[in-house]
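Visitor: sequence and predicted model, in that order:
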Amino acid sequence: MILPAAMILTGIVSVQFGAGLADRLFSQIPPAAVTGLRLWTAAVAMVALSGHGFARAVRDLRKRRAFADAAIAGSFGISLGVMNFSIYQSFARIPLGVAVTIEFLGPLAVAVAGSRHLRDLGWVVLAATGVVLLTQGGHGHLNLAGVLFAALAAVCWAAYIVLSSATGRRFPGSAGLAIAMVVSAVIVTPPAVVAAGAAMFRPAVLATGAAIGVLSSVIPYRLELESLRRMPMRLFGVWMSLEPAVAALIGLALLGQHLTVLEWLAICCVMVACAGAAQYEPRGDAPRDPRGALP
């Protein structure tokens, strides 16, 4: 289990380091433009990785007039685009670790949805306690818009986990994911261009945006996909629960974002809730990537 655990941790650090770079790029272009650069990089990479599968899938949709399949993949892409747009708007307003902690409520909701076990209600209560501590009941120092954007990202993450599974059943290989990535890139392009204009096409900005896309999407997606082939899904979920803490540490090291003791306690509450909910996944569930394309 050492190798898959190392791959998961590397993927988590890659995602959050990419988020830290994105936060630093906000001083040159708005968050909407950074979102556009990240998603276009990820879309190009996913289309390249899917090879001819992407073109065949698109042709097949047109040939079969499979409007339902196209709607599922399109909805998946929309949820992915809105999620990325929202979380970057949140990063611009509240600390990285806090935003990621709130965002993680989305996967937690999916993990406990439909459960009949009392212990899962306990995880929800623990996570809710963490959020109350983070926001101090709505009377804390956090920017309200930043918290709401993080909450929207959580809702979108929950939606796209479900849509990712539905897309995977309808498209071979990674073709459905590639289609969703292109859709997400297309829908964020207008606000990205309007927000930044020509500034987002400066060579240095383009290079940083491409690096963010590789760090935040391409590298972690491949690492986590490989780790899922080597460990049970529930153990994968436990390891992934470390992400809020890693985000907080990256925010401290790269951005100088200091959190209070209460905020660290809140992050720990949500992490324990996520780990607990993931640990009790039904044994009959087939392994799958819970993130689809990474947020």
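Guide: Cool, the structure landed. Here the structure is a predicted model, which means the values were calculated and not measured.
Visitor: how close does the residue at the greatest distance from the centre of the chain get to Phe54?
Guide: No residue in the chain sits farther from the centre than Lys63, which is 32.5 Å out by CA atoms, centre = their mean. In this structure, Lys63 lies at 15 Å from Phe54, with CB to CB, to the nearest Å as the measure. Every C-beta, even on glycine, is put in place using the N, C-alpha and C of the backbone.
Visitor: which residues touch Gly36?
Guide: Residues touching Gly36, when contacts are defined by CB atoms under 8 Å, 6 or more residues apart in numbering, comprise Ala185, Val188, Thr189, Pro191, Ala192, Val193, Met200, Gly209.
Visitor: hmm, Ser86 and the second one touching each other?
Guide: No. Between Val188 and Ser86 no contact is recorded; they are 10.8 Å apart, counting by CB atoms under 8 Å.
Visitor: re the thing from before, farthest-apart pair in the contacts of Gly36, please.
Guide: The two members of the contacts of Gly36 with the most space between them (CB to CB) are Pro191 and Gly209, at 14.9 Å.
Visitor: quick one, which of these two is more surrounded?
Guide: Neighbour comparison, Pro191 and Gly209: the larger count goes to Gly209, with 26 against 17 (by other CB atoms under 10 Å).
Visitor: please look at Ala127 and Ala273 and confirm they touch.
Guide: Yes. Under the criterion of CB under 8 Å, Ala127 is in contact with Ala273, at a separation of 3.9 Å.
Visitor: anything in contact with each of those two?
Guide: Residues touching both Ala127 and Ala273 (CB under 8 Å, 6+ apart) are Leu108.
Visitor: ok, back up a step: quick check, nearest of the contacts of Gly36 to Ser79?
Guide: Taking CB to CB as the measure, Ser79 lies nearest Val188 of the contacts of Gly36, at 12.3 Å.
Visitor: for the closest one, list the residues it contacts.
Guide: By CB under 8 Å, 6+ apart, the contact set of Val188 is Ala32, Thr35, Gly36, Leu39, Gly81, Asn84, Phe85.
Visitor: I'd like these as TSV, with secondary structure appended.
Guide: As requested, these are exported to TSV (DSSP: H, G, I helix; E, B strand; the rest coil):
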residue	secondary structure
Ala32	helix
Thr35	helix
Gly36	helix
Leu39	helix
Gly81	helix
Asn84	helix
Phe85	helix
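Visitor: restricted to buried residues, select those in PyMOL.
Guide: Command for PyMOL that selects the buried part of the contacts of Val188, burial taken from 16 or more other CB atoms under 10 Å:
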select buried, resi 32+35+36+39+81+84+85
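Visitor: and of the contacts of Val188, the nearest to Leu259?
Guide: Asn84 (23.5 Å).
Visitor: my guess is the closest one meets Leu39, correct?
Guide: Yes. Applying CB under 8 Å as the test, Asn84 and Leu39 come out as touching, 6.0 Å apart.
Visitor: quickly list what's touching both of those two.
Guide: Contact criterion CB under 8 Å, 6+ apart; residues bridging Asn84 and Leu39 by contacting each: Ser184, Val188.
Visitor: state the pLDDT value of Leu118.
Guide: Predicted confidence (pLDDT) for Leu118: 74.
Visitor: apologies, that question was intended for Cys268.
Guide: The predicted local confidence for Cys268 is 93.
Visitor: burial of it, as a residue count?
Guide: 16.
Visitor: that one: which element?
Guide: Using DSSP states H and E, Cys268 falls within helix 261-279.
Visitor: helices or strands next to that helix in the packing?
Guide: Other helices and strands packing on helix 261-279, by 3 or more CB pairs under 8 Å, 6 or more residues apart in numbering; DSSP states H and E, are helix 96-103, helix 105-112, helix 118-135, helix 233-240, helix 243-255.
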